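> Everything below, folded, please.
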Amino acid sequence: MMEKPLTQKTSATLLKLQQAEITEYHIYQKIAAATTDPHNREILTRIAEQENEHYLIWKKYTGRDVVPDLYRVWYYYLLARILGITFAIKLMEGIEKRAQHVYRELGTIIPEVKEIVAHEEAHERELIGLLDEERLRYVGSVVLGLNDALVEFTGTLAGLTFALQNSQVIAMAGLITGVAASLSMGASEYLSQKSGEGSQNAGKAALYTGTAYIFTVFLLVLPFLLFSNPYVALPITLGCAILVIFLFTFYISIAKDLPFVRRFLEMVAISMGIAGISFVIGLIIRMVLHVDL
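Model (predicted):
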């Protein structure tokens, strides 16, 4: 029972919470319906049912039905289809947690709020932890491919820029080097997995590593294919590298509950530091060997 009558402001707050619950109910239901894995589908359905229970609790106080936010439903559904269920759900739940002060204020009016929040956080965290996605099982292989490509290839392209000073030649050398390196990385990951506990999935691990590497290589080489001036292409390539680091670090920090800022800054410092050193090495080699293209 309520300790105080609801004010207009409190009623409006409850309606927002009520809409959030019914919206999340439809999000979980929609993602569950599109999920082929029975284990994940069962978990998502259970979370959806819990969201509906919370909706009914808020409805008891507002006495009204509300419709879901269809924009949010489709946004998170498409996000889950593209970037994975775990990422989409954790991103959604992380945004919702920013409104915890609202619950604290309601706790003085509605006694059940503390119990609802505690139950929701513990139960949903437990259920989300049970989700099993292939893309997250192989995230280590993707990290290996991306990290190696970013660290090695930004340095390689920076060195080639001063050594060769020709965008087409740099792009050609970069693509040849990059494709060969991606095959080498894939093979190394395959052998590493075969010799370890994940031998049954060695092929997939190698595929994830090689694909991540070659994707990064093409993205970093692209500016040299688009711009004839290598000194214009190189800053764009470095910008692309920072963008890839930002996006992937953000993805991992959400999906795996890891710190974002420290990992991002560390990776940027390593990649840009090696690029700077390689740039100087390229200049020295050009001067020593008297290369003129």
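> make it CA atoms for all contacts and neighbour counts henceforth
Noted.
> For burial, what's the neighbour tally of K9?
By other C-alpha atoms under 10 Å, 9 other residues sit near K9.
> The one 5 residues further on now?
When neighbours are defined as other C-alpha under 10 Å, L14 has 21 of them.
> Equivalent analysis for A275, please.
23.
> Over to M172?
Neighbours around M172, by other C-alpha under 10 Å: 14.
> So it versus F224, what's the distance?
Using C-alpha to C-alpha, to the nearest Å, M172 is found at 9 Å from F224.
> next one: Y190
31 Å.
> Could you do S11 as well?
Taking C-alpha to C-alpha, one finds S11 at 58 Å from F224.
> ok, the two, which is more surrounded?
Remark: of S11 and F224, F224 carries more neighbours, 26 against 16, as counted by other C-alpha under 10 Å.
> So, low pLDDT: which residues of the stretch 51-200 of the chain?
Counting by pLDDT under 70, the stretch 51-200 of the chain contains low-confidence ranges at 95-109, 111-112, 114-141, 144-145, 195-200.
> Okay, domains of this structure per the record?
Per the record, the chain has its domains at 8-132, 135-289, by automatic domain parsing.
> hey, which of these is tucked in deepest?
Comparing the domains of the chain by mean neighbour count (mean count of other C-alpha atoms under 10 Å), domain 135-289 comes out on top with a mean of 19.
> Next, give phi and psi for A149.
Main-chain torsions, A149, degrees, to the nearest 10: phi -70, psi -40.
> quick one, what contacts it?
Y213, I214, T216, V217 (C-alpha atoms under 8 Å, 6 or more residues apart in numbering).
> can I get the residues you listed in a markdown table with secondary structure?
As requested, the contacts of A149 are arranged in a markdown table below (DSSP: H, G, I helix; E, B strand; the rest coil):
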| residue | secondary structure |
| --- | --- |
| Y213 | helix |
| I214 | helix |
| T216 | helix |
| V217 | helix |
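> which ones are touching L44?
Y28, Q29, I31, A32.
> Kindly provide the distance from it to V169.
For L44 relative to V169 (C-alpha to C-alpha), the value is 52 Å.
> How about the contacts made by the most centrally placed residue in the chain?
The structure's the chain has its C-alpha centroid closest to Y251; by C-alpha atoms, centre = their mean the separation is 1.5 Å. Y251 sits next to F87 when contact means C-alpha under 8 Å, 6+ apart.
> how about a cut-off of 10 Å?
L83, F87, A88, L91, I245, D257, L258, F260 (C-alpha atoms under 10 Å, 6 or more residues apart in numbering).
> For the closest residue to K30 other than its chain neighbours, pull up the helix or strand it's in.
Leaving aside its sequence neighbours, K30 sits nearest to Y77 (C-alpha to C-alpha, 6 or more residues apart in numbering; 6.8 Å). Secondary-structure assignment from DSSP states H and E places Y77 in helix 70-83.
> Check which element follows that helix along the chain.
Taking DSSP H and E, what comes next after helix 70-83 is helix 85-97.
> can you give me the angle that following helix makes with helix 70-83?
Between helix 85-97 and helix 70-83, the angle comes out at 140 degrees (axes from the mean of the first three to the mean of the last three C-alpha atoms, to 10 degrees).
> ok so, going back, what sits against the residue nearest to K30?
26-32, 34, 71, 84-85, 88-89 are the contacts of Y77 under C-alpha under 10 Å, 6+ apart.
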